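*Asks:* give me coordinates for this.
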Amino acid sequence: MPDFSVLTDYFDVYMEGFLNTIYASVIALIASFLLGTVIAVFRISSVRPLRWVGTVYVEFIRNIPLLLVVYIFFLGLPLLGITLNGFVCGTIGLTVYTAAFIAEAIRAGIMSVPKGQTEAALSSGLTYVQAMRYVVLPQAVKIVIPPLSNQFLNLVKNSSVLSVIAGLDLMYFGDKVASDTYATIDTYLFVAAFYLVLTLPLSFAAHRLERRLAKHG
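*Replies:* Reported below is the predicted structural model:
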């Protein structure tokens with residue numbers, strides 16, 4: 001049986017990390033979706049420099065570890081005279097990393113939308129950006145709800161990377177509790193329970209949304 005005193009005695013500590021994890025996840029979720037959408041549009045752009053930028057971004061970020069991306073901001077920015085705390089650097093790194101995967105998911109969605117949709121939008125007087133915003137992207141996002149949901153779930157779990165740079169997240173405070181109590185297994189069982197409180201409702205909502213979109217065609 002888990003030692004629940006580890007939870008009750010350090011509940012405030014767990015909650016601080018839990019709330020910080022929520023903040024980091026929500027910020028990174030919104031920012032990575034916006035950035036990923038822009039990169040996806042770059043990837044299929046007819047303008048070669050934009051397409052090149054999108055391709056380099058996706059291929060570079062997707063093929064290096066998340067921890068390295070976080071270190072680039074945490075250790076690299078001070079060399080440029082920019083000093084940010086671990087929470088901010090971790091959230092930025094999480095955003096940049098997740099955006100690369102979201103970009104590929106959205107790009108696949110855009111490619112699955114018939115080209116006639118874009119051509120019809122352009123012929124009606126819309127600009128390329130307007131055609132993407134009002135015609136193509138709404139359909140593409142609907143198509144890629146399942147992979148996007150997986151990326152958002154991964155983002156929440158990947159937020160634990162903040163712990164290695166004193167990002168004050170749930171895992172960071174879990175490490176502190178474990179070092180104070182020496183109840184390592186019990187501590188991390190409760191940490192896992194807090195993560196499940198975040199991920200299970202998100203997973204349920206994603207499946208519900210997916211079924212609802214499928215029902216309405």
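
*Asks:* surely Val96 and Val69 touch.
*Replies:* Yes - between Val96 and Val69 there is a contact under C-beta atoms under 8 Å: 5.8 Å. Heads up, the C-betas are built off the backbone N, CA and C, glycines and all.

*Asks:* what touches both of the two?
*Replies:* Shared contacts of Val96 and Val69, defined by C-beta atoms under 8 Å, 6 or more residues apart in numbering, comprise Ile61.

*Asks:* does the nearest residue to Ser45 once chain neighbours are set aside lie in a helix or a strand, and which?
*Replies:* Leaving aside its sequence neighbours, Ser45 sits nearest to Arg51 (C-beta to C-beta, 6 or more residues apart in numbering; 5.1 Å). Element membership for Arg51, per DSSP states H and E: helix 48-62.

*Asks:* what residues sit buried inside that helix?
*Replies:* Under the neighbour-count criterion of 16 or more other C-beta atoms under 10 Å, helix 48-62 has Leu50, Gly54, Tyr57, Val58, Ile61 buried.

*Asks:* now for it, which elements pack on it?
*Replies:* Counting contacts by 3 or more C-beta pairs under 8 Å, 6 or more residues apart in numbering; DSSP states H and E, helix 48-62 is packed against helix 11-43, helix 86-112.

*Asks:* in CSV, list those along with distance to Leu202.
*Replies:* Converted to CSV, the helices and strands packed on helix 48-62 look like this (distance: least, C-beta to C-beta, whole Å):
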stretch, distance to Leu202
helix 11-43, 9
helix 86-112, 14
